[in-house]
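> got a predicted structure here, sequence first:
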Amino acid sequence: MDLLALRYFQTVARLEHVGRAAEKLRVAQPSLSRTLARLENDLGVPLFDRHGRRIRLNRFGTAFLRRVDRALAELDDARQELDDAAGLERGAVTVAAESLLVLTEPLRTFVPGHPLVDVRLSQGSGEGMAQKLRSGDVDLCVTSQPLTGNDIRSRVLLDEKVMLCVPAGHRLAGRGRVGLADLEGEPFLTTRPGYWQRALVDRLFAKAGLALHVVCEGDEAAVLFQLVDAGLGIALVPSLGLRSVTSPTVVWLDVDDPDCRRVLSVAWREDTYLSVAAQRFRDHTVEYFHAQAGPRSR
């Protein structure tokens with residue numbers, strides 16, 4: 001049993017598809033299949049249930065994968081820790097976020113000062129990010145939803161009110177402040193379930209006993225403002241957008257509910273080694289948002 005076989009197994013186990021795993025690993029499929037067969041022979045048990053070309057991780061494979069994930073993560077952490085201890089001026093940080101828009105400005109000030117740090121970004125829902133963090137696929141998550149787990153720690157980046165955006169000609173445009181009851185029956189633009197905007201509007205409407213009328217679901221919240229501008233409906237948008245996206249044909253209104261807020265945080269795992277590059281990016285991002293908070297966080 002060698003490390004290469006374990007990494008091959010880990011990739012196949014996660015994808016449950018030999019062909020896609022071979023493409024990701026950049027190896028020939030027959031070679032990958034032979035490596036898996038040798039590993040199963042060494043262990044004395046099958047790790048997958050095979051049905052024609054389809055494979056599924058069985059109970060032996062599931063138990064083995066947990067140990068393999070832990071072992072390989074420890075080795076990867078050890079290599080990174082040694083690199084950091086040796087003072088090598090390089091490193092990598094992988095970051096997941098619900099919206100990449102919140103990272104553009106911190107990156108603008110981080111990258112020039114750390115030219116040898118490889119920054120990699122991905123986007124996903126709260127649950128998707130949590131899975132990546134627990135599996136070690138990412139170092140940090142920038143999230144507007146709490147990520148649960150005793151091994152997960154976080155720091156608040158921004159605590160801000162969420163406002164209602166309506167077209168300039170809308171019946172509520174001149175109100176300045178609206179209650180939730182004023183919004184029943186209105187066409188809402190929001191994200192699909194799993195993202196914080198949808199969780200917020202669902203929670204607010206359920207608390208008020210109101211029916212939510214959704215006419216658009218998306219993955220990227222930044223697009224919602226443009227759709228409001230186009231007259232498709234109304235949307236809840238964090239007040240951070242007051243500085244970054246404005247339009248004379250869109251009106252921002254306060255929502256008369258103290259829970260209409262979002263708390264943006266950066267999260268990481270406490271039970272694994274966090275590279276110096278990841279620590280620096282985390283701390284830089286915290287410092288950036290705290291310096292920029294000003295009136296937007298109130």
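Yep, it's here.

> in stretch 178-198, what's buried?
When burial is assessed from 16 or more other Cβ atoms under 10 Å, stretch 178-198 yields the following buried residues: 178, 180, 182-183, 186, 188-191, 194-198. Where you see a C-beta, it was placed from the backbone N, CA and C, and this is true even at glycine.

> now intersect those residues with the strands, please.
With strands taken from DSSP state E, the overlap with these comprises Val178, Phe188, Leu189, Thr190, Thr191.

> just give me the closest of these to Val255.
Taking Cβ to Cβ as the measure, Val255 sits nearest to Val178 out of these, at 6.2 Å.

> who's that closest one bridged to?
Beta bridges link Val178 to Val255 when assigned by DSSP bridges.

> do the same with Ala92
Note on Ala92: beta-bridge partners by DSSP bridges are Asp118.

> near it, how many other residues are there?
Ala92 has 15 neighbours, counted by other Cβ atoms under 10 Å.

> verify the stated contact: it with Ala277.
Yes: at 6.0 Å, Ala92 counts as touching Ala277 under the criterion of Cβ atoms under 8 Å.

> okay, now the unreliable bits of the stretch 51-200 of the chain?
Along the stretch 51-200 of the chain, segments meeting pLDDT under 70 span 85-90.

> all helices of it, in order?
Shown for the stretch 51-200 of the chain, the helices assigned by DSSP state H, counting those that start in this stretch span residues 59-85, 104-110, 126-135, 196-208.

> rebuild the ones you listed as JSON lines, extending it with distance to His170.
Supplementary listing: the helices of the stretch 51-200 of the chain in JSON lines, determined by distance: least, Cβ to Cβ, whole Å:
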{"stretch": "helix 59-85", "distance to His170": "51"}
{"stretch": "helix 104-110", "distance to His170": "29"}
{"stretch": "helix 126-135", "distance to His170": "30"}
{"stretch": "helix 196-208", "distance to His170": "17"}
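
> out of the ones you listed, the one nearest Leu47 is which?
Closest to Leu47 of these, according to Cβ to Cβ: helix 59-85, at 3.6 Å.

> what about stretch 97-107, how long is it end to end?
End-to-end span of stretch 97-107 (Cα to Cα, to the nearest Å): 13 Å.

> list of residues touching that stretch?
95, 119, 121-126, 129, 141-145, 195-196, 220-222, 240, 244, 264, 281, 284-285, 288-289, 292 (Cβ atoms under 8 Å, 6 or more residues apart in numbering).

> repeat the analysis, applying 7 Å as the threshold.
By Cβ atoms under 7 Å, 6 or more residues apart in numbering, the residues outside stretch 97-107 that reach it are 95, 119, 121, 123, 125-126, 142-144, 195-196, 220-222, 264, 284-285, 288.

> using ChimeraX, make a named selection holding only the buried ones among the residues you listed.
Only the buried entries of the contacts of stretch 97-107 go into this ChimeraX selection, using 16+ other Cβ under 10 Å:
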select :95,119,123,125,126,142,143,144,195,196,221,264,284,285,288
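
> ok, the buried residues of stretch 178-198 vs Arg56, which is closest?
Of all these, Gly194 has the smallest distance to Arg56: 25.1 Å, by Cβ to Cβ.

> and the closest one, backbone torsions?
Backbone dihedrals for Gly194, given as degrees, to the nearest 10, come out at phi 110, psi -20.

> my read: it touches Ser125, true?
Yes: Gly194 is within contact range of Ser125, at 3.4 Å (criterion: Cβ atoms under 7 Å).

> would you mind giving the buried residues of stretch 178-198 as CSV with distance to Val162 added?
Supplementary listing: those in CSV, determined by distance: Cβ to Cβ, whole Å:
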residue, distance to Val162
Val178, 13
Leu180, 12
Asp182, 16
Leu183, 13
Glu186, 16
Phe188, 13
Leu189, 14
Thr190, 11
Thr191, 13
Gly194, 18
Tyr195, 13
Trp196, 9
Gln197, 8
Arg198, 12
